[in-house]
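Novice: Curious how this folds, go ahead:
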Amino acid sequence: MVALFRDRLENSTLSSTERLDLQRRIAAIAGERLGESQESIRQLEAILEVEAEDAEAMAVLDRLYRAERRFADLRSLYERRLLSVTDPAEKWVLLNEVAQVEEEQLGDLPAAAERHWKILESNPHDVDALRAVERLSQQLKQWDRLGAALERRLQSRVGDEDRLAVYLQLADLRRIYLEDPAGALEHYRSALALDGRNEVAIAGLEALSAEGGGVGVEAIDLLEPAYAKRGHFEKLAGLLRARLEKADDAEERHALKLRLADLSASELGDAAGA
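Specialist: All right, here's what the predicted structure looks like:
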């Protein structure tokens, strides 16, 4: 039967409608009855060359490409479908499906990250897309994009525990990878506002304090109440003394000496040191 239909396809007098009907029959018989998947795929691809938006042909090709593990072709099929889709919900489904294929079957992590980012462009609060971008950006060391995704998560409805974790992740990201100490400081500040005893924030601020400058001084200001809440007065005194040794400005030195004297008298029990 398939051979007969193939012969009829050679007839140049066939109308386009008759040709498409024959190709559908060949694809159905080859794929469903004879197990000739490659022949079925050839006919369905030929149909799409004429009818680019043929939903039935695309649906069958989707299944056959998966069965034959032709994932690069499957991606191309999704890209074809994305060109014509107008319904936002359908587009969301397609973007998620092609992203999954790119990540899990093709190992194309940059492409998968781009798909999830496109989802966020239309729905900034899509939690699954946000987490996918965060995960893939971290794997790809795309620090700017990771930072943007984390900032978007802060704009969504998250509880204090999750918000604290995001603040800490953003702070470490800006301090270690983005060379943005001022941005890191603000996120550590936000973290301490939620948990004034947080050790991760304290460790990050200690690293910032060692850098000196205006950010270093502000880090010390934030560490003072955090150390006080944890009873780390010796650490605070040591930090202030180290800053004093490096300070050249007379006003800064005077302010640091006053703070050390007050700390020695009130918390360290060292009246002589005060």
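
Novice: Spell out which helix or strand contains residue 79, please.
Specialist: helix 71-84 (DSSP states H and E).

Novice: Can you give the distance of that helix from its chain's centre?
Specialist: 23 Å (CA atoms, centre = their mean, to the nearest Å).

Novice: And the helix or strand following it, what's buried?
Specialist: On the C-terminal side of helix 71-84, the closest following helix or strand by DSSP H and E is helix 88-100. Using 16 or more other CB atoms under 10 Å as the test for burial, helix 88-100 gives 91-92, 94-99. Placement of C-beta: from N, CA and C, glycine included.

Novice: likewise stretch 183-194?
Specialist: In stretch 183-194, counting by 16+ other CB under 10 Å, buried: 183-192.

Novice: Identify the residue nearest the residue positioned nearest the centre of the chain in space, chain neighbours excluded?
Specialist: Centroid-nearest residue in the chain: residue 133, 1.8 Å away (criterion: CA atoms, centre = their mean). Spatial nearest neighbour of residue 133, excluding adjacent residues (CB to CB, 6 or more residues apart in numbering): residue 149 at 4.3 Å.

Novice: Double-check the one you found against residue 136; I have them as touching.
Specialist: No - in this structure residue 149 lies outside contact range of residue 136 using CB atoms under 8 Å: 9.4 Å.

Novice: buried set for the helix holding residue 79?
Specialist: 71, 74-75, 77-78, 81.

Novice: and which of those residues is nearest residue 127?
Specialist: Using CB to CB, residue 78 is the member of the buried residues of helix 71-84 that sits closest to residue 127, with 22.7 Å.

Novice: now the helices for the stretch 51-200 of the chain?
Specialist: Listed in chain order, the helices of the stretch 51-200 of the chain (DSSP state H, counting those that start in this stretch) span 55-67, 71-84, 88-100, 109-122, 127-140, 143-155, 160-176, 181-194, 199-209.

Novice: With distance to residue 25 and mean pLDDT added, can I get the ones you listed in CSV?
Specialist: Formatted as CSV, the helices of the stretch 51-200 of the chain follow (distance: least, CB to CB, whole Å; pLDDT from 0 to 100):
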stretch, distance to residue 25, mean pLDDT
helix 55-67, 13, 89
helix 71-84, 21, 92
helix 88-100, 28, 93
helix 109-122, 35, 93
helix 127-140, 41, 94
helix 143-155, 48, 92
helix 160-176, 56, 95
helix 181-194, 63, 97
helix 199-209, 65, 95
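
Novice: All set, thanks.
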